[in-house]
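*Asks:* Need a 3D model of the sequence below.
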Amino acid sequence: MTISRRDALKAIGAVPAAAGLTWSSADVAHAQEQATRSRRAARAAKTVYAPKFFTAHEWETVRLLVDVIIPRDDRSGSATDAGVPEFMDFMMADHPQWQYRMRGGLRWLDIECRRRFDKAFTDCTPEQ
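*Replies:* As a prediction, the model looks like this:
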């Protein structure tokens, strides 16, 4: 069974609002700066970025999810190419008050995929 981009967007679209996640422009700028710096450092060291907040499974889920929402196409790169997962990781690491909600949302996504497709989100194949 596959999960479509439309279904993924519907499922995840309401999560930030429902979770009460709101960010100031200073929060966003700080996380963007940290994510950019960390991505460059990892690239220079020829390593991969090591998440500060997300567990290995959450990291895999986030990377897949953002690319389902914003996939690579002929004109531009994907959300992962743009550093969205790293940005999210820094937003969560810097704001402990949101961590429970983020983890809960990712858990909910897995639970819902298991209920519907008998697989974790990362084991569902997005329709292209």
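
*Asks:* What is the strand or helix carrying Leu109 packed up against?
*Replies:* Counting by DSSP states H and E, the element that carries Leu109 is helix 96-117. Counting contacts by 3 or more Cβ pairs under 8 Å, 6 or more residues apart in numbering; DSSP states H and E, helix 96-117 is packed against helix 5-13, helix 15-19, helix 56-69, helix 84-94. (Each C-beta comes from the backbone N, C-alpha and C, glycine too.)

*Asks:* any idea which of these scores lowest on pLDDT?
*Replies:* Across the helices and strands packed on helix 96-117, helix 15-19 has the smallest mean pLDDT, namely a mean of 48.

*Asks:* Name the next helix or strand downstream of that helix, please.
*Replies:* helix 25-44.

*Asks:* relative orientation of that following helix and helix 84-94 in degrees?
*Replies:* Between the direction of helix 25-44 and that of helix 84-94, the angle (axes from the mean of the first three to the mean of the last three Cα atoms, to 10 degrees) works out to 120 degrees.

*Asks:* outside of helix 25-44, which residues touch it?
*Replies:* Applying Cβ atoms under 8 Å, 6 or more residues apart in numbering, the set of residues contacting helix 25-44 from outside is Val48, Tyr49, Ala50, Gly83, Glu86, Phe87, Asp89, Phe90, Met91, Asp94, His95.

*Asks:* Buried only: go through these for me.
*Replies:* For the contacts of helix 25-44, burial is judged from neighbour counts taken by 16 or more other Cβ atoms under 10 Å, and it is met by Tyr49, Gly83, Glu86, Phe87, Asp89, Phe90, Met91.

*Asks:* wouldn't Pro51 be in contact with Phe90 here?
*Replies:* No - counting by Cβ atoms under 8 Å, Phe90 is not a contact partner of Pro51; they are 9.5 Å apart.
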